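Participant: Let me see the structure of the following:
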Amino acid sequence: MVRGHRKERVGEVVSNKMTKTIVVRIERRFPHPRYKKVVTAYSKFYAHDEKSEAKIGDTVRIEETRPLSKLKCWRLVAVVEKSSGVERVTA
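Facilitator: Numbering: from 1, shown residues only. Next up, the predicted model:
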């Protein structure tokens, strides 16, 4: 039996403060329908991280799964790139 196709996204971890949960920010770039300027839109997804391996700033791949909680219906597949460990300053 073959499973259905599951959506995959690649994004940056913005929070790992919850137990076994990470918040991943996905960037989407598209031209504005009327003005044609390239716009960057962001979406946040809550993803299940069983082993708590993702850290803030890491680039990760997440995959759609069954609902795990009220907000969580994605799970961590792999850490694509580890962050340098230096946090950026937002002023």
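Participant: contacts, neighbours, all on C-alpha from now
Facilitator: Will do.
Participant: per-residue pLDDT, the residue nearest to the spatial centre of the chain?
Facilitator: Centroid-nearest residue in the chain, with Cα atoms, centre = their mean: Val24, separated by 2.7 Å. We note a pLDDT of 97 for Val24 in this prediction.
Participant: right, and it touches Tyr42 too?
Facilitator: No: Val24 lies out of contact with Tyr42 (Cα atoms under 8 Å); the separation is 10.0 Å.
Participant: who's in contact with the residue nearest to the centre of the chain?
Facilitator: Gly11, Glu12, Val13, Val14, Ser15, Lys44, Phe45, Tyr46, Ala47, Val60 (Cα atoms under 8 Å, 6 or more residues apart in numbering).
Participant: go with 10 Å
Facilitator: By Cα atoms under 10 Å, 6 or more residues apart in numbering, the contact set of Val24 is 9-16, 42-47, 56-62, 74, 76.
Participant: what are the pairing partners of the helix or strand it falls within, and which direction each?
Facilitator: Here Val24, judged by DSSP states H and E, is contained in strand 21-31. Each strand paired with strand 21-31, and its direction, by DSSP bridges: strand 8-15 (antiparallel), strand 38-48 (antiparallel).
Participant: right, so the ones you listed: which one is the most enclosed?
Facilitator: strand 8-15 (a mean of 19; mean count of other Cα atoms under 10 Å).
Participant: shared neighbours, Val24 and Tyr42?
Facilitator: By Cα under 10 Å, 6+ apart, Val24 and Tyr42 have these common neighbours: Gly11.
Participant: Report the spatially closest residue to Arg6, excluding sequence-adjacent ones.
Facilitator: Distances taken as Cα to Cα, 6 or more residues apart in numbering put Glu64 closest to Arg6, at 5.7 Å, once the chain neighbours are dropped.
Participant: Surely the one you found is in contact with Val10?
Facilitator: No: Glu64 is not in contact with Val10 according to Cα atoms under 10 Å; the separation is 11.7 Å.
Participant: Now for the two: what residues contact both?
Facilitator: Taking Cα under 10 Å, 6+ apart as the contact rule, Glu64 and Val10 both touch Val77.
Participant: Check whether Arg6 sits in a helix, strand or coil.
Facilitator: coil (DSSP: H, G, I helix; E, B strand; the rest coil).
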